[in-house]
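Chemist: whatever this is, show me its structure:
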Amino acid sequence: MAAKKKDAGKVIVAFVLRDFKEGEGDEAITLTGGQRLELSQDEFAALAKRGVVAEGVFVKMKTAVEGGRYSLKPHDSTWLPPHVYEAWKAAGYCEPSEDDPEVGAVLKARDEAARDATNARDIALARCDELDASLKEANLQLLAARAQAEKLRDLIQPEPDSGDVLDDETAALLGEVLALIDMFPEQLDAEEPSSSEPQLNLD
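Modeler: Here you go, the predicted model:
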């Protein structure tokens with residue numbers, strides 16, 4: 001049975017006390033013992049009058065409970081059926097909580113959003129590091145290629161005062177080498193990583 005939140009009146013967290021079925025077809029209502037519901041006040045009153053549901057108790061855990069439908073740690077807050085609450089309270093497992101469950105849900109959602117944002121930031125930073133490493137490697141390759149081209153230029157180009165004159169084929173080759181050198185950036189920084197880092201904004 002889905003929760004039906006009406007504009008007026010608060011929503012009551014309730015637990016089904018016994019299996020219950022009413023109606024036929026699409027209009028049938030089927031409830032299972034132990035099921036948690038969120039009901040309007042009118043819905044809760046109608047089902048409680050018939051002994052089908054009881055209002056839940058919001059508690060804070062004092063000890064861990066694992067097993068069955070529960071996986072709780074100390075200081076966790078949760079709703080319990082009244083009979084479970086009484087048994088756990090007697091055993092020292094929990095105590096009633098005065099915390100507003102709606103506020104707790106908001107804080108939990110904010111914590112989860114913060115964790116998601118932190119994870120996204122960490123992934124982005126790791127990707128940034130990968131890109132920096134790739135850029136550094138590419139810069140080193142460009143530096144090596146430029147050095148090789150300059151070395152070839154020096155081998156082909158005659159000394160200014162030598163008086164040597166290049167033949168047409170060698171002069172054409174030198175022109176291509178000089179054009180290749182001009183294609184490289186004048187300065188390449190292969191050491192400094194990128195300073196841009198994604199900023200985490202949790203506002």
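
Chemist: any idea which helix or strand comes after the helix or strand bottoming out on mean pLDDT in the chain?
Modeler: None of the helices or strands of the chain scores lower by mean pLDDT, DSSP states H and E than helix 101-156, at a mean of 82. Using DSSP states H and E, the helix or strand that follows helix 101-156 in sequence is helix 168-183.

Chemist: flag every buried residue along that following helix.
Modeler: For helix 168-183, a neighbour-count test (16 or more other CB atoms under 10 Å) marks L174, V177, L180 as buried. C-beta coordinates here come from the backbone N, C-alpha and C atoms, glycine included.

Chemist: now, among these, which is nearest to A28?
Modeler: L180 (80.6 Å; CB to CB).

Chemist: my guess is the closest one meets Q148, correct?
Modeler: No - shown here, L180 and Q148 do not form a contact pair, counting by CB atoms under 8 Å, at 9.7 Å.

Chemist: returning to what we had before: distance between the least confident helix or strand of the chain and the chain's centre?
Modeler: With CA atoms, centre = their mean, to the nearest Å as the basis, helix 101-156 stands 18 Å off its chain's centre.

Chemist: can you check stretch 11-26 too?
Modeler: Counting by CA atoms, centre = their mean, stretch 11-26 comes out at 36 Å from the chain centroid.

Chemist: other residues contacting it?
Modeler: Identification of contacts with stretch 11-26 by CB atoms under 8 Å, 6 or more residues apart in numbering yields 3, 5, 28-41, 44, 47-48, 51-56, 58, 79-82, 101.

Chemist: mind listing which of those are in helices?
Modeler: Using DSSP state H, Q41, F44, L47, A48, P82, P101 are the members of these that sit in helices.

Chemist: now do the contacts for the residue nearest to the third one when sequence neighbours are not counted.
Modeler: Among residues not flanking L47 along the chain, V53 sits closest, at 4.4 Å (CB to CB, 6 or more residues apart in numbering). Each residue near V53 by CB under 8 Å, 6+ apart is listed here: A14, F15, V16, L17, L31, L37, L39, F44, L47.

Chemist: and V53, how far is that from R121?
Modeler: According to CB to CB, to the nearest Å, V53 stands 44 Å off from R121.

Chemist: same thing with P158?
Modeler: Counting by CB to CB - P158 and R121 are separated by 58 Å.

Chemist: buried residues in stretch 109-129?
Modeler: If you call a residue buried by 16+ other CB under 10 Å, then stretch 109-129 has these buried ones: R121.

Chemist: I'd like the distance between the residue nearest in space to the middle of the chain and A109.
Modeler: Closest residue to the average C-alpha location of the chain: D116 at 2.7 Å, with CA atoms, centre = their mean. Using CB to CB, D116 is found at 10 Å from A109.

Chemist: I'm done for today, thanks for sticking with me.
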